[in-house]
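Asker: From the sequence below, what's the structure:
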Amino acid sequence: MRLILLGPPGSGKGTQAQRLVQKHGIVQLSTGEMLRAAVAAGTPIGLQAKEIMANGGLVPDAVVVGIIEDRIEQPDAKKGFILDGFPRTVPQAEALDDLLKKKHLKLDAVVELRVNESALIDRVEKRAEETRARGEEVRLDDTPEVLINRLAQYRSLTEPLIHYYSERRKLLTVDGMMTIEHVTREINRILTAIGALEPKTEEPAAQAKKAVKTATKASKLAKKATKGTKKAVKPAQKAARGPAKRASKARATKTGARAASARKGAKAVKKPAKKVTKKRAKR
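Answerer: Next up, the predicted model:
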């Protein structure tokens, strides 16, 4: 995933860049940091930048693009990166396009954090007042006057990039006046929608562990269901046996009564027969 975050000073680009870095394992490429690192490392392009800065000059776009080229070749940038502070102008954007094309890389999206400038100025004024109320010194770069100047520079130099990337269907706009959490969720949502973010896939070991856990849970549920069925069957069996047992007992009692009646009848018949036999014998 390769992104550019656009927005005026105070729009929250730095905060959102850090959140994307932490969540997706990509790197944040700041032109200032890259310049300092290249100078410290003594790379050919770093030495060139050092000489220009030592003479008080502005580092030309070609040198900055060369430093970005060296940086994106490093292993930690292979997964993706967010460019912070570059491009600031349309010529820089064109130079970046040429670099990415040469490297066979694709810029996934340019996320614009759209904010209300008046609200930003009010926010800085309030922060300055609170700082003074605590008896602390207000930073020179954190005053309404400085912010107004920086906003003017952004409008004249950087705002044309919105049109540039919009024409190339790379621009995605997010309401930067929402809460930090809401802005983060919206950025992730639109990046997923355009396919810049791949759905998270689990490691094979994690998948196997999850499958075993699911199977174990299913087995437990099946056993529980079997127990429940047995419990339900027992009362039913008992209830069914009750009438059968009573019916059997009733039949046995009825049969016994008939047998007893039959025996009594047999005795009654036998007694007169004996008497007749005795009378005949006397005769």
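Asker: Roughly how far does the residue nearest to K13 when sequence neighbours are not counted sit from E145?
Answerer: Once flanking residues are discounted, K13 sits nearest to L5: 4.5 Å by C-beta to C-beta, 6 or more residues apart in numbering. Just so you know, the C-beta spots here come from the backbone N, C-alpha and C atoms, and that holds for glycine as well. For L5, the distance to E145 equals 25 Å [C-beta to C-beta, to the nearest Å].
Asker: and what of Q92?
Answerer: Look at Q92 and E145: by C-beta to C-beta, they are 27 Å apart.
Asker: Comparing the two, which shows the higher neighbour count?
Answerer: Using other C-beta atoms under 10 Å, the more surrounded residue of Q92 and E145 is Q92, with 19 against 10.
Asker: The residue nearest to K13 - that's part of a strand, no?
Answerer: Yes - assessed with DSSP: H, G, I helix; E, B strand; the rest coil, L5 lies in a strand.
Asker: what's the spacing between it and R139?
Answerer: Distance from L5 to R139, by C-beta to C-beta: 23 Å.
Asker: just R114 next, same as before
Answerer: Counting by C-beta to C-beta, the gap from R114 to R139 is 26 Å.
Asker: between those two, who's got more neighbours?
Answerer: R114 (14 against 11).
Asker: Show me which residues of stretch 181-192 are buried.
Answerer: Across stretch 181-192, burial judged by 16 or more other C-beta atoms under 10 Å covers 183-184, 186-188, 190-191.
Asker: for the stretch 151-283 of the chain, which spans come out with low pLDDT?
Answerer: Low-confidence segments of the stretch 151-283 of the chain, defined by pLDDT under 70: 198-219, 222-283.
Asker: let's see it at 90
Answerer: Applying pLDDT under 90 to the stretch 151-283 of the chain flags residues 194-283.
Asker: How about G10: what's its closest non-neighbour residue?
Answerer: L120 (4.5 Å).
Asker: Toward the C-terminus from the helix or strand that neighbour falls within, list the very next helix or strand.
Answerer: Secondary structure from DSSP states H and E places L120 in helix 117-133. Remark: after helix 117-133, the chain's next helix or strand is helix 144-153, criterion DSSP H and E.
Asker: check contacts around the closest residue to L58 other than its chain neighbours.
Answerer: Leaving aside its sequence neighbours, L58 sits nearest to I52 (C-beta to C-beta, 6+ apart; 7.6 Å). I52 makes contact with 58-60, 63 under the criterion C-beta atoms under 8 Å, 6 or more residues apart in numbering.
Asker: G46: which of the residues you listed is nearest?
Answerer: Using C-beta to C-beta, V63 comes nearest to G46 of the contacts of I52, at 9.3 Å.
Asker: Please list the residues outside whichever strand or helix holds K23 that contact it.
Answerer: K23 belongs to helix 13-24 when assigned by DSSP H and E. Applying C-beta under 8 Å, 6+ apart, the external contacts of helix 13-24 come out as 1, 3, 5-7, 26-28, 79-80, 82, 84, 111, 113, 180, 183-184, 187-188, 197.
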